[in-house]
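Enquirer: What follows is a predicted structure for the sequence shown.
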Amino acid sequence: MVALATINNRATISYNNEIKDWECFGEPTEAAIKVFAEKLNKINSAAYDMKASPKKSEDDLRKSIQEIAVLDFSSERKTMSTVVKGYQGA
């Protein structure tokens, strides 16, 4: 589920040191889902510093896969799809 929420999502999150706060770029709902996925992965890793690497899970996952195709969300399909190669998760 975390992989799905991370890969099938176009939002980005980052920590802005100038304003000392988080910034999200993209759709607010997708950004919230991405933050949730990163927090779920933080539970599984004791040495996870969100400020130093707010998208560590996504970065690690993207290193292990190759995106083949993306079908962006449409009002007709009411879904977004991403086809990847190399994913080894369960």
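Expert: Yes, it's here.

Enquirer: Could I get the full set of strands for this protein?
Expert: 12-16, 21-25, 66-71, 81-85 (DSSP state E).

Enquirer: Can I get the ones you listed in CSV including mean neighbour count, distance to residue 5 and mean pLDDT?
Expert: Quick note: C-beta positions are derived from backbone N, CA and C, even for glycine. Converted to CSV, these look like this (neighbours: other CB atoms under 10 Å; distance: least, CB to CB, whole Å; pLDDT from 0 to 100):
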stretch, mean neighbour count, distance to residue 5, mean pLDDT
strand 12-16, 14, 12, 83
strand 21-25, 12, 14, 86
strand 66-71, 11, 15, 91
strand 81-85, 12, 11, 90
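
Enquirer: and those strands as TSV, adding distance to residue 4?
Expert: Below are those laid out as TSV (distance: least, CB to CB, whole Å):
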stretch	distance to residue 4
strand 12-16	17
strand 21-25	19
strand 66-71	13
strand 81-85	9
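
Enquirer: Nearest to residue 54, out of those?
Expert: strand 12-16 (5.2 Å; CB to CB).

Enquirer: Show me what that closest one is packed against.
Expert: strand 21-25, helix 28-43 (3 or more CB pairs under 8 Å, 6 or more residues apart in numbering; DSSP states H and E).

Enquirer: circling back to that earlier point, of the strands of the chain, which is nearest residue 32?
Expert: strand 21-25 (8.0 Å).

Enquirer: hmm, who's touching that closest one?
Expert: If you take CB atoms under 8 Å, 6 or more residues apart in numbering as the criterion, strand 21-25 is touched by 11, 12, 13, 14, 15, 16, 31, 32, 34, 35, 54.
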